[in-house]
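Visitor: what would the 3D arrangement of this be:
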Amino acid sequence: MAKPQIFTPREMIEKLISFDTTSHLSNLELIEFVETYLASHGVSSRRVMNEEGTKANLFATLGDDTQAGGVVLSGHTDVVPVEGQDWSSDPFGVVERDGKLFGRGTSDMKSFIALALAYVPEFLKDG
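Guide: Numbering: from 1, shown residues only. Below is the predicted model:
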């Protein structure tokens, strides 16, 4: 197994925001990154492709998946197009202003996914 990749929550947010997953584009580059990250922690995942083969959902289970119960964390990786919007910074980069993070997907919903991913090592440690 590869050495586990470690990201702070902020680093993971920045990484996910950097992928242009605008709704009319593919999300496969981001999905591949997440698969590789999870695999570095010994977590297997399963892709489910759309009919065109351009987008995927990713399912992963941490811990013992033979037991009933658990917690489901779910999110989406597509973002709204930026065309026609007056961004004062790169929408696919993260900028902090007044204690808030700005970038396409920071509030819906890449930051949530990033936090869940950044804490994978803790989730695994706590069982």
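Visitor: show the pLDDT at the residue nearest to residue 44 when sequence neighbours are not counted.
Guide: Nearest residue to residue 44 in three dimensions, chain neighbours excluded: residue 60, at 7.0 Å (Cβ to Cβ, 6 or more residues apart in numbering). C-beta: built from backbone N, CA, C; applies to glycine. Here the pLDDT value assigned to residue 60 is 95.
Visitor: hmm, residue 60 is touching residue 37, no?
Guide: No - counting by Cβ atoms under 8 Å, residue 37 is not a contact partner of residue 60; they are 10.1 Å apart.
Visitor: between the two, tell me which one has more neighbours.
Guide: residue 37 (20 against 17; other Cβ atoms under 10 Å).
Visitor: residues in contact with the more buried one?
Guide: By Cβ atoms under 8 Å, 6 or more residues apart in numbering, the residues touching residue 37 are 5, 7, 117, 120.
Visitor: which one is the first one nearest to, not counting chain neighbours?
Guide: So the one you mean is residue 5. Closest to residue 5 by Cβ to Cβ, 6+ apart is residue 40, at 4.5 Å.
Visitor: which of the helices or strands spans the most centrally placed residue in the chain?
Guide: Nearest to the centroid of the C-alpha atoms of the chain, with distances taken as Cα atoms, centre = their mean, sits residue 113, at 4.5 Å. Secondary structure assignment for residue 113, by DSSP states H and E: helix 110-118.
Visitor: can you tell me what sits against the helix or strand just after that helix?
Guide: Counting by DSSP H and E, the next helix or strand C-terminal to helix 110-118 is helix 120-126. Here helix 120-126 makes contact (Cβ under 8 Å, 6+ apart) with 4, 6, 37-38, 41-43, 62-63.
Visitor: quick one: distance of helix 120-126 to the chain centre.
Guide: 17 Å (Cα atoms, centre = their mean, to the nearest Å).
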